[in-house]
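1. heads up, no residue letters with this:
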């Protein structure tokens, strides 16, 4: 049996270890130190993503080029997006944890957690599987998706999936209450999310339709919000994630909205400049905004 002095020493060491770890958990969204550390890591990722995109446009799409480190766009998109689904399903269904209320409601049909889980699965069934399958790469650019954004993007996509799974299953206390389904934030978020998602799918179709017949590799898109902004798809993406943030109301939604903004806003500027350089006065006279119609 250990003496009292030994017990006191062990307790002090354990306490010091907890305090040492907590120093890195700058973001505080939960009583769980590990979850707060995850949120701190997610915050750091937002800054890293923004700085990386501001310094150089990620090498895919019109900014991609063929090399030994490139793959076909269909493969690149699938590689980049599919980890979200895997990490979400693992952290939501298989990891232990959560209050009795969380555990009970998670498996209850029609619960808040079930609904949010279905939203996640809907979004990434499209983005990770259907969208890559429907892509129509130009014959002249069959392998212009760099593996760097595909594999480097795993840092974001795995974090995104895991953060959502743990927030839904364990840390989002308001998600245990069915009354959240009547909360104005949830209702507004649901409206924004689904309207944004439909708009996103439609504008993806408009881009895809540019290659429905043989022609030049790049053309000016028209229709929908493309008549008012260069990057209508990015606008719809941010619109969708803003709705997701409101309906889930937690660091999970805030992270994906901010990291998407950090990636898509600088890329919108670069894309607008690319169109001006490629199409000259033909594009300039259209008077399109960068990202947000009629605003910027």
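-> Thanks, I have it. Remember, predicted model here, so these are calculated numbers, not experimental data. Numbers count the residues shown, from 1 in each chain.
2. what ranges do the strands span in this structure?
-> Remark: strands assigned in the chain by DSSP state E are 70-71, 145-146.
3. Enumerate the positions of stretch 227-241 that are buried.
-> Neighbour-count burial for stretch 227-241, counted by 16 or more other C-beta atoms under 10 Å, picks out 228-241. Where you see a C-beta, it was placed from the backbone N, CA and C, and this is true even at glycine.
4. Take these and write them to a markdown table, including distance to residue 295 and pLDDT.
-> Shown next, in a markdown table, are the buried residues of stretch 227-241 (distance: C-beta to C-beta, whole Å; pLDDT from 0 to 100):
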| residue | distance to residue 295 | pLDDT |
| --- | --- | --- |
| 228 | 10 | 98 |
| 229 | 9 | 98 |
| 230 | 13 | 97 |
| 231 | 13 | 97 |
| 232 | 13 | 98 |
| 233 | 17 | 98 |
| 234 | 13 | 97 |
| 235 | 10 | 98 |
| 236 | 15 | 98 |
| 237 | 16 | 98 |
| 238 | 12 | 98 |
| 239 | 13 | 98 |
| 240 | 18 | 98 |
| 241 | 17 | 98 |
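5. what's the closest of those to residue 162?
-> Nearest to residue 162 out of the buried residues of stretch 227-241 is residue 241 (C-beta to C-beta; 16.9 Å).
6. what sits against that closest one?
-> By C-beta atoms under 8 Å, 6 or more residues apart in numbering, the residues touching residue 241 are 196, 253, 256-257, 260.
7. May I ask which of those residues has the most neighbours?
-> Neighbour counts for the contacts of residue 241, by other C-beta atoms under 10 Å, peak at residue 256, which reaches 28 neighbours.
8. so what pLDDT did that residue get?
-> Note for residue 256: predicted pLDDT of 97.
9. can you tell me how far it sits from residue 84?
-> Residue 256 is 9 Å from residue 84, where distance means C-beta to C-beta, to the nearest Å.
10. tell me, what's touching the two both at once?
-> What both residue 256 and residue 84 touch, as defined by C-beta under 8 Å, 6+ apart, is the set residue 160.
11. Can you list which of the buried residues of stretch 227-241 are found in helices?
-> Among those, DSSP state H puts 232-241 in helices.
12. now those as a markdown table including distance to residue 149?
-> A markdown table is the format used below for those (distance: C-beta to C-beta, whole Å):
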| residue | distance to residue 149 |
| --- | --- |
| 232 | 21 |
| 233 | 16 |
| 234 | 15 |
| 235 | 21 |
| 236 | 20 |
| 237 | 15 |
| 238 | 18 |
| 239 | 23 |
| 240 | 20 |
| 241 | 18 |
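13. So which of those is the closest to residue 266?
-> residue 234 (10.6 Å).
14. Leaving out sequence neighbours, find the closest residue to the closest one.
-> residue 264 (4.2 Å; C-beta to C-beta, 6 or more residues apart in numbering).
15. pretty sure the one you found is touching residue 240, no?
-> No: with contacts counted by C-beta atoms under 8 Å, residue 264 stays clear of residue 240, the gap being 11.6 Å.
16. Now do residue 56: how many residues are near it, please.
-> For residue 56, the count of nearby residues is 10 (other C-beta under 10 Å).
17. quick one on the thing from earlier: in helices, which of the contacts of residue 241 appear?
-> Those of the contacts of residue 241 lying in helices (DSSP H): 196, 253, 256-257, 260.
18. CSV for these, including distance to residue 161?
-> Below are the ones in helices among the contacts of residue 241 laid out as CSV (distance: C-beta to C-beta, whole Å):
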residue, distance to residue 161
196, 20
253, 13
256, 10
257, 15
260, 14
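19. hang on, the earlier thing: turn the buried residues of stretch 227-241 into a markdown table, columns for distance to residue 125.
-> Listed next are the buried residues of stretch 227-241 as a markdown table, based on distance: C-beta to C-beta, whole Å:
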| residue | distance to residue 125 |
| --- | --- |
| 228 | 29 |
| 229 | 27 |
| 230 | 28 |
| 231 | 24 |
| 232 | 22 |
| 233 | 18 |
| 234 | 21 |
| 235 | 22 |
| 236 | 17 |
| 237 | 16 |
| 238 | 20 |
| 239 | 19 |
| 240 | 14 |
| 241 | 17 |
